[in-house]
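Asker: Here's my sequence, what's the structure:
(one chain, ligands or ions: 1)
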Amino acid sequence: MIQEVVLIDDHVNVTLVLPFPNAPLKKKLFALIREEVAKVDGQLVVQINVNQMEPKQRTSFMTRIRGKEPAIAMKNIYQVIAVMSGKGGVGKSTVAGLLAVMLQREGQEVGVLDADITGPSIPKMFGVSQPPISDTKGILPVKSRTGIKLMSINLLLADEAVPVIWRGPLISRAIEQFWRDISWGVLDYLIVDLPPGTSDAALTVAQMLPVRGFVVVTSPQELAGMVVCKAANMATQLGIPLIGLVENMSHVRCPNCGAEIKVFGPSQAEATARQIGTRLLGHIPLDSELAILCDNGLIENYNNDEFTSITEKVAEMANTSQSLETLSTSGESEYTK
Ligand code: ADP
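Answerer: Residues are numbered from 1 along each chain as shown. So this is what the prediction gives:
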């Protein structure tokens, strides 16, 4: 990634070429460069300039550092991350949508596969309703305002209010087709919004897609129950690593004094994350602005520093091979039989 090092008197100018403008490890790389230069001479002043890789250079670089071709070579999809929750209404789809938005802001190619077939909410929060079109390569996902590629059953229904009353096998078939028959193109990340709980759909996704890991979403009210543990245990039994836990609606910020009000009492997220053997990625406040933006199809306008940091952690975990592998289990489980 180092393009050039120029030494003029006591100044070292280092030019880095990064795959994305805000590559997740950027800060770490800067610190490493400064550390190495200081080892040579502590008096040297370091100036770091950043360039961005050309698409071709980026593809070959990413293949090299990941030590593998895209997850499915034919599909050119590098990372599949599934978002799950123990029960509905905790903000799973919102977290899936925000992950896509933040990753895309970093300059990555992102898609969202809405596997919540009976409760699809992705198209609404992105404000898209037009049906997908096809070209010679197959069916093309619908693009959001900022270019995120989306696929959801709601985009295929003549009336989005019509319920999908299907049994498990049919739901699994639909997810399979969203994966197999959609021409996703090159994607750095495909975010999968799973239905809540431990349904057939989650099983289909885990078995059919090369899922890198699950992000588990909870809300404080849910934490007291067993539900989140059940969902997390399913992931473990399926041999899919947990990337981490996000606590949504954890607090409200007072609009007058900025104080954090813990509506549901003190957070138990840290303890729950430990209990399910993963890390806490962060807390998201209950924020009326977020709810209004989602209702109006404008999730891409949302800004939240805490969520940016959650996204950085997800990207870092997903791209660091050992840390996740140690958490995964393998072998046939009750679920896969
Ligand atoms: P799930 O996918 O778990 O069923 P959703 O993501 O659809 O839940 O969220 C349920 C509702 O709660 C949506 O209307 C969404 O806009 C709202 N919501 C989710 N998270 C927040 C939040 N942090 N602040 C305010 N509203 C939220």
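Asker: Using the three-state scheme, assign Gln79.
Answerer: Using DSSP: H, G, I helix; E, B strand; the rest coil, the structure places Gln79 in strand.
Asker: again, but for Leu113
Answerer: strand.
Asker: Give me the nearest residue to it, chain neighbours excluded.
Answerer: Val192 (4.8 Å; Cβ to Cβ, 6 or more residues apart in numbering). For the C-beta atoms, the positions are set from N, CA and C on the backbone; glycine is no exception.
Asker: residue contacts, Gly97?
Answerer: 112, 122, 125-126, 193, 294, 299 (Cβ atoms under 8 Å, 6 or more residues apart in numbering).
Asker: Would you agree it falls within a helix?
Answerer: Yes - the assignment for Gly97 (three-state DSSP) places it in a helix.
Asker: Can you tell me how far it is from Thr59?
Answerer: To Thr59, Gly97 is 26 Å away according to Cβ to Cβ, to the nearest Å.
Asker: follow-up on the earlier one: please list which of the contacts of Gly97 are also close to the ligand.
Answerer: Counting by Cβ under 6 Å from any ligand atom, Cys294 from the contacts of Gly97 sit close to the ligand.
Asker: what's the closest of the contacts of Gly97 to the ligand?
Answerer: Checking the contacts of Gly97 against the ligand with Cβ to the nearest ligand atom, the nearest one is Cys294 at 3.7 Å.
Asker: I'd like the next helix or strand past the helix or strand that closest one falls within.
Answerer: Cys294 is part of helix 288-295 when elements are defined by DSSP states H and E. Counting by DSSP H and E, the next helix or strand C-terminal to helix 288-295 is helix 305-319.
Asker: Just the C-alphas of that following helix, formatted as CSV.
Answerer: Presented in CSV, the C-alpha positions along helix 305-319 are these (Å, rounded to 0.1, in the frame of the first residue of the first chain):
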residue,chain,number,x,y,z
ASP,A,305,-21.0,8.8,15.2
GLU,A,306,-21.8,5.8,17.3
PHE,A,307,-23.0,3.9,14.3
THR,A,308,-20.0,4.9,12.3
SER,A,309,-17.8,3.3,15.0
ILE,A,310,-20.1,0.2,15.0
THR,A,311,-19.6,-0.1,11.2
GLU,A,312,-15.8,0.3,11.5
LYS,A,313,-15.8,-2.6,14.0
VAL,A,314,-18.0,-4.8,11.8
ALA,A,315,-15.7,-4.2,8.8
GLU,A,316,-12.6,-4.8,10.9
MET,A,317,-13.9,-8.0,12.3
ALA,A,318,-15.2,-9.3,9.0
ASN,A,319,-11.8,-8.6,7.3
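Asker: Which positions within it qualify as buried?
Answerer: Within helix 305-319, the residues that count as buried by 16 or more other Cβ atoms under 10 Å are 307-308, 310-315, 317-319.
Asker: That helix - contacts with which helices or strands?
Answerer: Counting contacts by 3 or more Cβ pairs under 8 Å, 6 or more residues apart in numbering; DSSP states H and E, helix 305-319 packs against strand 77-85, helix 92-105, strand 211-218, strand 242-247, strand 280-283, helix 321-325.
Asker: Just want the most central residue of the chain.
Answerer: Taking Cα atoms, centre = their mean, the centroid of the chain lies closest to Leu99, which sits 4.5 Å from it.
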